[in-house]
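Peer 1: Requesting a structural model of the entry that follows:
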Amino acid sequence: MLEDAGYLNVLRSLRFYVDVILNKFRFASKRINYVVPSSGWSVDWDGEYITRSVNNLLGTKIARVTTRYRYLRNQVIHFGSIQGFLDGGYESHKTNRVIVTIFHGDESGDEKGIKFARKHMDRIDLVVTACSIMETRLKSWGFSSEKVVRIPLGVDLQVFRKQETTYVNKRRKELNIPDDSICIGSFQKDGEGWGEGLTPKLIKGPDVFVEAVTRLATMYPVFVLLTGPARGYVKQKLAEAKIPFRHDIVDDYVRMVDYYNCLDICLITSREEGGPKALLESLACGVPLVTTDVGMVRDIINNGENGFVSPIEDIDSLIFDSSRIIDDPQIRERFTRQGFGTISKLDWSTIGEHYYQQAYSRFMVD
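Peer 2: Below you'll find the model as predicted:
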């Protein structure tokens, strides 16, 4: 289990200033600095897992997560999201080797972050992306093949796993999920901003999700389980349709395993994704998956074998596939079994090794 976020920030600050002093006097060796905007959000957890795996692989604490980088020299600086590069990372000292993760961007290349990255392409030594869709786009937008590597997102298989039936039944009762209901889950942020989220963030497909579950609710006793911030739009629409739901803000990320295990279906309806992590976490927990063709989906899902894949915005297909899962126990069993086989190769320990071998190692020697 990862450390408390506040405690982590204190440690990171202390380590940062020690490194600045050592760099100033040229005593520090080259290190891998995984830069995050703040603690507690998705990219922060990515950094914790990646750097921990790299350190375990090498047997030394050469990699760390930090929020500071401006005074570093002759270091490997990895911005865990394009936002960090936008917010000043492009001004990093010229002796540093700069890596930027770009999870997604629109197909025209006109999205703000992509345009900015292209403008400052000479300041980026390497771009990391998680899916083949984005890898193809980046190359088509002018990033050379030598500067683009695809490394999938990972999942902590020691945390995300299928629970025993008695445990799941107890947890469903605690969450007031009716015994006879079909529990459909959506675990993401899909509203604009960080408030109630009444304005939908359309690339996440909240409108598609609501339409799909509303129509499914005319055929089955649907209960919707939501987590994540800014879910106001979905909650409002579910209430209008008189579909029972529960929304929890889960402060401790590792508690998400309980929520996944309560699901009968994980439904992903996005129009654009880099992962999403729900894809990996649902497979790890043995939850049947219905998803649109976004992000890493086409890289790891074989339609009909370990999940169902629908075209983006194809609500009829999402409903049909969900119905097949509900009505056919053999499909549910196959998806669970095949999903475990798929996800076994994507544990963060393995992904961390890929990060070192495909990205970091090339910059550790001057």
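
Peer 1: Now for the residue nearest to Ile82 when sequence neighbours are not counted, how many residues are close by?
Peer 2: Distances taken as CB to CB, 6 or more residues apart in numbering put Gly113 closest to Ile82, at 4.2 Å, once the chain neighbours are dropped. Placement of C-beta: from N, CA and C, glycine included. Gly113: 18 surrounding residues under other CB atoms under 10 Å.

Peer 1: and what of Leu225?
Peer 2: 23.

Peer 1: Checking the nearest residue to it once chain neighbours are set aside next. Helix, strand or coil?
Peer 2: Leaving aside its chain neighbours, Leu225 sits nearest to Gly185 (4.6 Å; criterion: CB to CB, 6+ apart). When classified by DSSP: H, G, I helix; E, B strand; the rest coil, Gly185 comes out as strand.

Peer 1: what's the spacing between the residue most central in space within the chain and Leu153?
Peer 2: Of all residues in the chain, the one closest to the mean position by CA atoms, centre = their mean is Lys277, 3.6 Å from it. Using CB to CB, to the nearest Å, we find Lys277 at a distance of 6 Å from Leu153.

Peer 1: same thing with Asn306?
Peer 2: Counting by CB to CB - Asn306 and Leu153 are separated by 17 Å.

Peer 1: ok, now Glu272?
Peer 2: For Glu272 relative to Leu153 (CB to CB), the value is 15 Å.

Peer 1: Kindly report the same for Glu353.
Peer 2: With CB to CB as the criterion, Glu353 and Leu153 are 14 Å apart.

Peer 1: quick one: which of those two has more around it?
Peer 2: Leu153 (22 against 16).

Peer 1: Using CSV, list the CA coordinates for stretch 64-75.
Peer 2: In CSV, the C-alpha atoms belonging to stretch 64-75 read as follows (Å, rounded to 0.1, in the frame of the first residue of the first chain):
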residue,chain,number,x,y,z
ARG,A,64,11.8,9.3,-7.5
VAL,A,65,8.5,11.1,-7.8
THR,A,66,8.6,14.9,-7.4
THR,A,67,6.7,18.1,-8.0
ARG,A,68,9.8,20.2,-8.5
TYR,A,69,12.4,20.2,-11.3
ARG,A,70,13.3,23.8,-12.2
TYR,A,71,16.7,23.8,-10.5
LEU,A,72,17.9,20.4,-11.6
ARG,A,73,20.8,19.9,-14.0
ASN,A,74,22.0,16.9,-16.0
GLN,A,75,19.0,14.8,-15.0
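
Peer 1: Please shift the residue numbers so they start at 20 in all later answers.
Peer 2: Renumbered: residue one is now 20, and that last one reads stretch 83-94.

Peer 1: Please spell out which residues along it are buried.
Peer 2: 83-86, 88, 91-94 (16 or more other CB atoms under 10 Å).

Peer 1: Return the closest of those residues with respect to Asp271.
Peer 2: When these are compared for distance to Asp271 (CB to CB), Val84 wins out at 17.9 Å.

Peer 1: Give the helix, strand or coil label for that closest one.
Peer 2: Assigned with three-state DSSP, Val84 falls in the strand class.

Peer 1: before we move on, the earlier item: mind checking how far the residue nearest to the centre of the chain is from Ser289?
Peer 2: Noted for Lys296: a distance of 12 Å to Ser289, by CB to CB.

Peer 1: shaky segments in the chain?
Peer 2: Residues of the chain that meet the criterion pLDDT under 70 lie in 20-47, 57-60, 126-130, 385.

Peer 1: in the protein, which spans are strands?
Peer 2: All strands of the chain, identified by DSSP state E, fall at 51-54, 82-85, 95-98, 116-120, 145-148, 167-169, 201-206, 241-246, 264-267, 284-287, 308-311, 327-329.

Peer 1: okay if I get those strands as CSV plus distance to Arg234?
Peer 2: Listed next are the strands of the chain as CSV, based on distance: least, CB to CB, whole Å:
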stretch, distance to Arg234
strand 51-54, 43
strand 82-85, 43
strand 95-98, 41
strand 116-120, 37
strand 145-148, 34
strand 167-169, 36
strand 201-206, 12
strand 241-246, 10
strand 264-267, 16
strand 284-287, 12
strand 308-311, 13
strand 327-329, 14
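
Peer 1: I'd like to know which of these lies nearest to Arg351.
Peer 2: When the strands of the chain are compared by CB to CB, strand 284-287 sits nearest Arg351, at 9.2 Å.

Peer 1: domains of this protein?
Peer 2: Using automatic domain parsing, the domain ranges for the chain come out as 24-173+367-382, 184-364.

Peer 1: which residues touch Arg169?
Peer 2: Contacts here follow CB atoms under 8 Å, 6 or more residues apart in numbering; on that basis Arg169 touches 147-151, 153-154.

Peer 1: Of those residues, which pair is most distant in space?
Peer 2: Val147 and Ser151 (13.3 Å).

Peer 1: more neighbours, those two?
Peer 2: Per other CB under 10 Å, whichever of Val147 and Ser151 has more neighbours is Val147, with 22 against 14.

Peer 1: The residue nearest to Ser336 when sequence neighbours are not counted: what's it in contact with?
Peer 2: Closest residue in space to Ser336, ignoring its immediate chain neighbours: Ser329 at 3.8 Å, by CB to CB, 6+ apart. By CB under 8 Å, 6+ apart, the contact set of Ser329 is 309-312, 336-337, 340.

Peer 1: buried subset of the residues you listed?
Peer 2: The neighbour count (16+ other CB under 10 Å) marks 309-312, 336-337, 340 as buried among the contacts of Ser329.

Peer 1: Now render those as a markdown table, adding distance to Phe242.
Peer 2: Shown next, in a markdown table, are these (distance: CB to CB, whole Å):
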| residue | distance to Phe242 |
| --- | --- |
| Val309 | 16 |
| Thr310 | 20 |
| Thr311 | 22 |
| Asp312 | 26 |
| Ser336 | 22 |
| Leu337 | 17 |
| Asp340 | 19 |
